[in-house]
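Chemist: Predicted model, plus sequence, below.
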Amino acid sequence: MSVPAAILLAGRGSRAREGVSHRRPIDPGGGHVTYPASPSPAAHGAWAETVERLRASATTEPGRLRIIGAALALLVVAFGAVTAWEVSDRFAAADDVVTRSQPLSADAANIYRSLADADTAAATGFLAGAQERPEDLARYQKDIETASRLLVKAAANTGGSGGGDAARQIATLNEALPRYTGLIERARANNRQGLPLGGAYLRYANQQMTSDLLPAAERLYAEETARLDRDNDDARVWPFVSLALGVLAFAVLFWAQRRNYRRTNRLFNHGLLAATAASTVVLLWLAVGHTVARTELNNAQVHGQESLAVLNDARINSLKARANENLTLVARGAVLTADGDDKYETDYASGMARLTTALDRAKGLADDRSGVAPVADAIASAGEWRQRHRSASATDKAGDYELALEQVIGTEGSTGECFDQVDAALEKAIAHEQVEFDASATDGRSALTGLAVGAGVLALLGAVAAILGIGRRLSEYR
């Protein structure tokens with residue numbers, strides 16, 4: 001056999017062996033074994049080519065400039081977008097403080113006050129005799145109407161009875177209030193007929209008020225105040241991500257300008273300078289605006305909301321004390337504590353003690369003369385109230401019920417006169433602190449107004465300016 005023929009046969013044998021070795025194996029079930037598909041050589045080649053092009057571009061000055069321009073634009077846009085998002089969140093929380101949570105907290109406090117005052121007016125009217133005084137009846141009816149109206153408003157703003165502790169308390173109040181007013185009407189009807197059963201109905205109505213209505217109103221107030229505190233805290237959280245991105249954007253822009261200066265000996269690149277200016281404005285606006293908002297909202301909480309909470313507590317305790325003082329004469333020792341003391345007299349003393357504590361705290365929290373003056377008047381009137389109550393109590397114990405009654409519900413020189421002075425002074429103090437709260441909270445919200453939109457617009461302008469600035473440098477290579 002010649003050499004070429006041997007080579008040819010060897011090649012055929014090699015191809016034959018290759019064919020055998022590349023056949024698809026057969027599995028025991030009779031089918032062929034399937035292997036995963038290999039990556040497409042074309043796709044792999046395209047990806048490798050793209051990476052290679054980028055790597056090659058990064059080795060040239062125009063390529064580096066393109067990468068720097070894209071990074072700057074992306075960083076500035078990210079800074080503006082995150083700033084707009086965080087500021088919008090803070091503004092929404094601040095707006096809730098002003099327009100939603102604080103008004104709901106104030107309404108809840110007024111529901112409590114109206115219910116307590118209605119109970120006081122009912123007891124005062126009962127003491128006046130079979131013919132209830134018109135002013136006492138009008139005060140009672142006004143309080144019930146106010147409480148009913150505010151309950152409807154609160155139900156609308158808390159989603160009705162769909163869930164949540166606030167909704168449950170509103171449902172409890174709506175259910176218990178008609179029962180209470182029904183008991184009061186029965187007490188009046190029996191009192192007009194001179195029947196002793198009227199006093200029993202009045203005491204039972206007071207028990208419903210103190211055990212069902214007022215605790216539910218107190219829980220509603222606590223829930224709405226907690227919501228106010230949460231909104232206030234959310235509005236004051238520092239936008240750390242935005243601030244960090246702003247500092248980073250400023251640093252990278254500064255680096256890009258310094259690099260441009262070192263390579264071209266040109267002091268300024270107008271595009272990069274405009275991008276730096278836009279980023280600086282957003283960063284300063286964010287820092288100053290949020291600082292002002294945080295300060296004002298903190299003032300609203302410390303000098304407004306805390307004072308309002310203490311003043312509302314003082315007013316409610318004065319109302320409770322007044323109701324218990326009246327019931328002392330209604331019950332005339334018929335209701336005793338476990339120790340054998342007059343229950344209503346004991347509750348009156350406890351209420352006055354809490355009133356004194358709250359008034360002292362309110363005076364300490366008042367930060368101006370307009371806030372201190374009405375609290376000082378309330379303290380003076382509360383002291384006079386205690387003295388007159390001791391005199392009326394001594395008269396009643398001496399057996400002169402009519403004189404004691406005059407000393408409690410009379411128009412002049414009575415404990416009722418002192419109570420009205422305390423209530424009027426506290427109402428004035430609450431109105432003053434409410435104005436301070438509204439002013440500070442509104443200023444805090446205003447400090448964030450327009451910042452989200454401004455940050456977005458300035459960031460887009462800064463990104464465009466950065467691209468134009470880099471584009472100006474790229475044009476020098478064409």
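Modeler: Nice, I can see it.
Chemist: Helices of the stretch 301-450 of the chain, start to end?
Modeler: Secondary structure of the stretch 301-450 of the chain by DSSP state H, counting those that start in this stretch: the helices cover 306-331, 343-365, 369-397, 401-409, 415-446.
Chemist: Report all helices and strands that the fourth one contacts.
Modeler: Right, the one you point to is helix 401-409. Here helix 401-409 touches helix 102-127, helix 306-331, helix 369-397, helix 415-446, going by 3 or more CB pairs under 8 Å, 6 or more residues apart in numbering; DSSP states H and E. (Each C-beta comes from the backbone N, C-alpha and C, glycine too.)
Chemist: any idea which residue sits dead centre in this protein?
Modeler: D231 (1.8 Å; CA atoms, centre = their mean).
Chemist: Make sure it is actually in contact with P103.
Modeler: No. D231 is not in contact with P103 according to CB atoms under 8 Å; the separation is 11.7 Å.
Chemist: follow-up on the earlier one: tabulate the helices and strands packed on helix 401-409 in TSV, adding columns for mean pLDDT.
Modeler: As requested, the helices and strands packed on helix 401-409 are exported to TSV (pLDDT from 0 to 100):
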stretch	mean pLDDT
helix 102-127	90
helix 306-331	88
helix 369-397	93
helix 415-446	93
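Chemist: Could you point out which of those helices sits nearest D95?
Modeler: Of all the helices and strands packed on helix 401-409, helix 415-446 sits nearest to D95, with 5.7 Å by CB to CB.
Chemist: immediately after the closest one, which helix or strand?
Modeler: Next along the chain after helix 415-446, taking DSSP states H and E as the criterion, comes helix 451-474.
Chemist: what comes up buried for that following helix?
Modeler: 451-452, 454-456, 458-470, 473 (16 or more other CB atoms under 10 Å).
Chemist: Next, count neighbours for Y401.
Modeler: Using other CB atoms under 10 Å as the criterion, Y401 is surrounded by 12 other residues.
Chemist: wait, what's in contact with it?
Modeler: Neighbouring residues of Y401 by CB atoms under 8 Å, 6 or more residues apart in numbering: L329, R332.
Chemist: ok so, going back, the helices of the stretch 301-450 of the chain into JSON lines, with extra columns for distance to L283?
Modeler: Below are the helices of the stretch 301-450 of the chain laid out as JSON lines (distance: least, CB to CB, whole Å):
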{"stretch": "helix 306-331", "distance to L283": "33"}
{"stretch": "helix 343-365", "distance to L283": "36"}
{"stretch": "helix 369-397", "distance to L283": "38"}
{"stretch": "helix 401-409", "distance to L283": "66"}
{"stretch": "helix 415-446", "distance to L283": "20"}
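Chemist: Low-confidence ranges, this protein, go.
Modeler: The chain contains residues with pLDDT under 70 at 1-46, 50-59, 130, 159-163, 265-267, 477-478.
Chemist: Go through it and flag its longest helix.
Modeler: For the chain, the longest helix by residue count, based on DSSP state H, is helix 61-96.
Chemist: Buried ones in that one, by neighbour count?
Modeler: Neighbour-count burial for helix 61-96 [16+ other CB under 10 Å]: 63, 65-66, 68-69, 72-73, 75-84, 86-88, 90-91, 93-96.
Chemist: Equivalent analysis for stretch 174-186, please.
Modeler: Counting neighbours by 16+ other CB under 10 Å, one finds that the buried residues in stretch 174-186 are N174, A176, L177, Y180, T181, L183, I184, R186.
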